[in-house]
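Asks: For reference, the sequence and a predicted model appear below.
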Amino acid sequence: DRWLGSSLPTSVLCATSVVCSVVIVRANRVVLDSGIIGPWTLGLLHYSFLRSFISLMRAAGQISPSSAKIQPFQRITMAAIALLANIASNFSLKTNTVSTYQLFKLLVIPIQVAIYISVFGVRYVWSTLVALLLILMGVYLATESTFTTNPTGLAVGLTSAIVVSMETVGNGEAKKSYNLSTLQFNAATTWIRASICAVFALTFEFEYIRSALRVNVLIASSPLFFLSLMLSCVAAVGVNIISVAII
């Protein structure tokens, strides 16, 4: 993926990531609130859409074959932790208000810092740590009025922050060690993530899948649902690819 990561400035990648993140949060909220699609089913749609995009990029010659010999267990581990991060975020959004969800997403940064300090021995200057604290305090003060305190949402949100932090650090290091490009990393793991999502969707969300037979009726009566679902899938491609490029 010569056109991504190597040719685009980090500032452009970060700005695009922010736009995709905002779109996917708003779109996912509408989709999940509809009661038609559950978190696992939504994840399956996202990964299927991402897989189709990767196939198009491969056909266009934008993904060069990787020479890395990734062991099956390592490949499954990389896919599983990436999947858990996405699904945990979906459950956090489903059980919390958008403001609470965003605050938990911000907790990912200090948790990542803690992992790098304790596991990799990285040292940060105090100004960086103080800046992170001020950002968290500012976001909390700005969203305090809409912050929810339901036990389930708080537990899911905290779990999500921890899992997402572990995923970004773990897969970021794995990507570097195998010298994988952004699209190569996603090509190596997306089909596994989609397969796992399909199993869990059939196991835990069969009622959602059966009710999805009413989607045609819902699309006709609520164009917002269809638009949100499309935006969610498109933004999911951006989030998955650009976040790995930034890492």
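Replies: Done, it's in. The shown structure was predicted, so the numbers you read here are calculated from the model rather than taken from an experiment. Numbers count the residues shown, from 1 in each chain.

Asks: just the strands in this protein please.
Replies: Taking DSSP state E as the criterion, the chain carries no strands.

Asks: could you pull out the helices for it?
Replies: Assigned by DSSP state H, the helices in the chain fall at 10-33, 39-59, 72-95, 98-119, 126-143, 151-177, 182-204, 206-211, 215-221, 223-246.

Asks: Pick out the shakiest of those helices, pLDDT-wise.
Replies: The minimum mean pLDDT among the helices of the chain belongs to helix 215-221 (a mean of 57).

Asks: now stretch 156-172, how far from the centre of its chain.
Replies: Remark: stretch 156-172 is offset 10 Å from the chain centroid, using C-alpha atoms, centre = their mean, to the nearest Å.

Asks: can you pull the buried residues of that stretch?
Replies: 156-157, 160-172 (16 or more other C-beta atoms under 10 Å). Placement of C-beta: from N, CA and C, glycine included.

Asks: of the helices of the chain, which approaches residue 65 most closely?
Replies: Evaluated over the helices of the chain, closeness to residue 65 peaks at helix 182-204, with 8.3 Å, by C-beta to C-beta.

Asks: Helix 10-33 and the closest one, what's the angle between them?
Replies: Helix 182-204 runs at 10 degrees relative to helix 10-33, counting by axes from the mean of the first three to the mean of the last three C-alpha atoms, to 10 degrees.

Asks: Grab the nearest non-local neighbour of the residue nearest the centre of the chain.
Replies: The chain has residue 86 as the residue nearest its centroid, 4.1 Å off, counting by C-alpha atoms, centre = their mean. Among residues not flanking residue 86 along the chain, residue 43 sits closest, at 5.8 Å (C-beta to C-beta, 6 or more residues apart in numbering).

Asks: Do I have it right that residue 17 meets residue 235?
Replies: No: between residue 17 and residue 235 there is no contact under C-beta atoms under 8 Å: 10.2 Å.

Asks: Pick out whichever of these two has more residues nearby.
Replies: Counting neighbours by other C-beta atoms under 10 Å for residue 17 and for residue 235 shows that residue 235 has the greater number, 21 against 17.

Asks: OK, contacts around the closest residue to the more buried one other than its chain neighbours?
Replies: In space, and not counting its chain neighbours, residue 235 is closest to residue 24: 3.8 Å by C-beta to C-beta, 6+ apart. By C-beta atoms under 8 Å, 6 or more residues apart in numbering, residue 24 lies in contact with 231, 232, 235, 236, 238, 239.
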